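Engineer: quick one, structure for this:
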Amino acid sequence: MEENWFPYLKRSFVQFYWVYLPAAMTLEQETRLSKFHGIKTPALGPSYPARQSHSTRTPDKIWATQTESWRGQEARLMLWAHFWRDEKAADFRFLIDNFTTYQNKVEVLSDVLVDIGALEWRDDFYRFHKVPCL
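Structural biologist: Numbering: from 1, shown residues only. Here you go, the predicted structure:
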């Protein structure tokens, strides 16, 4: 059973990747996507306080329950949530991830999305606030 990530919304600077994928994907594409977990921060270990981490939890993939027509073809939407501690911590995504190609973490993520045949993707940032009850 997966952990509910809604409590993390109010204490995170949330980055959503809106990824449109072909409705019919090959087993190889699905396997590649399932093995890639997004932009993850390194584990700090027990001696470091959680407030020093760049993220408040690991990224999570949320799938739309229905397919939709996207530019004339059937597609599925995957919302990929990344939970950053704050706006400055979100800059972690620009650190070099691959020292062979000198790609940052966003470029590596983009390469994976191209490899699996993603039709399009974009990212948006959100800051959620609790609304008082009337």
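
Engineer: who does the helix or strand hosting Gln15 pair up with?
Structural biologist: According to DSSP states H and E, Gln15 maps onto strand 13-22. When pairs are called by DSSP bridges, strand 13-22 turns out to pair with strand 73-84 (antiparallel), strand 120-127 (antiparallel).

Engineer: can you give me how far the last one is from the chain middle?
Structural biologist: Offset of strand 120-127 from its chain centre (C-alpha atoms, centre = their mean, to the nearest Å): 9 Å.

Engineer: buried residues, it. List them.
Structural biologist: Neighbour-count burial for strand 120-127 flags Trp121 (criterion: 16 or more other C-beta atoms under 10 Å). C-beta coordinates here come from the backbone N, C-alpha and C atoms, glycine included.

Engineer: and what of stretch 54-73?
Structural biologist: Those would be His54, Ser55, Thr56, Arg57, Pro59, Asp60, Trp70, for stretch 54-73 by 16+ other C-beta under 10 Å.

Engineer: what lies in contact with the longest helix along the chain?
Structural biologist: Across the chain, the helix with the greatest residue count (assigned by DSSP state H) is helix 105-115. Contacting residues not belonging to helix 105-115 are listed as 17, 19, 32-33, 36, 38-39, 92-95, 97-98, 103, 121 [C-beta atoms under 8 Å, 6 or more residues apart in numbering].

Engineer: which other helices and strands does the lowest-mean-pLDDT helix or strand in the chain contact?
Structural biologist: Scoring the helices and strands of the chain by mean pLDDT, DSSP states H and E places strand 96-98 at the bottom, with a mean of 78. If contacts are counted by 3 or more C-beta pairs under 8 Å, 6 or more residues apart in numbering; DSSP states H and E, strand 96-98 sits against strand 103-104, helix 105-115.

Engineer: got the angle for the last one vs strand 73-84?
Structural biologist: Meaning helix 105-115. Between the axes of helix 105-115 and strand 73-84, defined by axes from the mean of the first three to the mean of the last three C-alpha atoms, to 10 degrees, the angle is 160 degrees.
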